[in-house]
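Trainee: Need coordinates for the following:
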Amino acid sequence: MAISMYQASVPQLKKMLVNLSAILKKGEEYASAKKIEGTVLTGDRLFPDMLPLTRQVFIACDQVKNGLSRLASIEPPKFEDNETTFPELQERVAKTIAFIDSIKPEQLDGTEAKEIKFSIKEWNFEFVGEQYLLTWIIPNFYFHVTTTYNILRHNGVEIGKADFLG
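Mentor: Prediction:
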């Protein structure tokens, strides 16, 4: 029996959002303990041409809400992209988890061959559902969660592989 689109997406995306929330909590606790303004960490980046931690969290959440919405043919929730603090980022992750909890298996299962077309800036993308999930949503999501982890770890937050994997 093949794994369904729902099984291939929702459980792992939700688990990693929960782990992302825990990593952000450790970042907030670290900043507080070291008497560092939290926005110093949330505004940090690994390299000047990379996006800051806030944008990494935005994009990770957007991969989930926009990607699953495209597959399920539903309107994604709208987020303002104005969060700058750890509590605000936590709320964004919580809203994304609440959204993912609202998705039913029947909304995703059977979308393996569904045409998915969208644009980001000047780039146009065309996928079929399974390809979209496996080569776009999941890898992009993990990239941005990993980069969030790396920014915090680089700044001294005591997190490790167990925190990432949950």
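
Trainee: Partner strands of the lowest-mean-pLDDT helix or strand in the chain and their direction?
Mentor: Ranked by mean pLDDT, DSSP states H and E, the weakest helix or strand in the chain is strand 115-120, scoring a mean of 95. Strand pairing for strand 115-120, determined by DSSP bridges: strand 123-128 (antiparallel).

Trainee: Convert the partner strand to CSV, retaining C-alpha atoms only.
Mentor: Extracted C-alpha coordinates of strand 123-128, given in CSV (Å, rounded to 0.1, in the frame of the first residue of the first chain):
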residue,chain,number,x,y,z
TRP,A,123,9.4,33.0,-11.4
ASN,A,124,6.6,30.7,-12.6
PHE,A,125,6.2,27.2,-11.3
GLU,A,126,4.3,24.2,-12.6
PHE,A,127,4.0,20.9,-10.7
VAL,A,128,1.8,18.0,-10.3
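
Trainee: Tell me which residue is most central in the protein.
Mentor: With distances taken as CA atoms, centre = their mean, the residue of the chain nearest its centroid is A60 (2.2 Å).

Trainee: Check whether that one really touches N19, as I assumed.
Mentor: No. A60 lies out of contact with N19 (CB atoms under 8 Å); the separation is 10.9 Å. (Each C-beta comes from the backbone N, C-alpha and C, glycine too.)

Trainee: Quickly list what's touching both of these two.
Mentor: With contacts defined as CB atoms under 8 Å, 6 or more residues apart in numbering, the residues shared by A60 and N19 are V145.

Trainee: Can you give me the neighbour number for L51?
Mentor: Close neighbours of L51, defined as other CB atoms under 10 Å, add up to 16.

Trainee: all helices of the protein, in order?
Mentor: 5-33, 38-42, 53-72, 86-102, 105-108, 129-132, 138-154, 161-165 (DSSP state H).

Trainee: and the longest one, what does it pack onto?
Mentor: What it means is helix 5-33. helix 38-42, helix 53-72, helix 86-102, helix 105-108, helix 138-154, helix 161-165 (3 or more CB pairs under 8 Å, 6 or more residues apart in numbering; DSSP states H and E).
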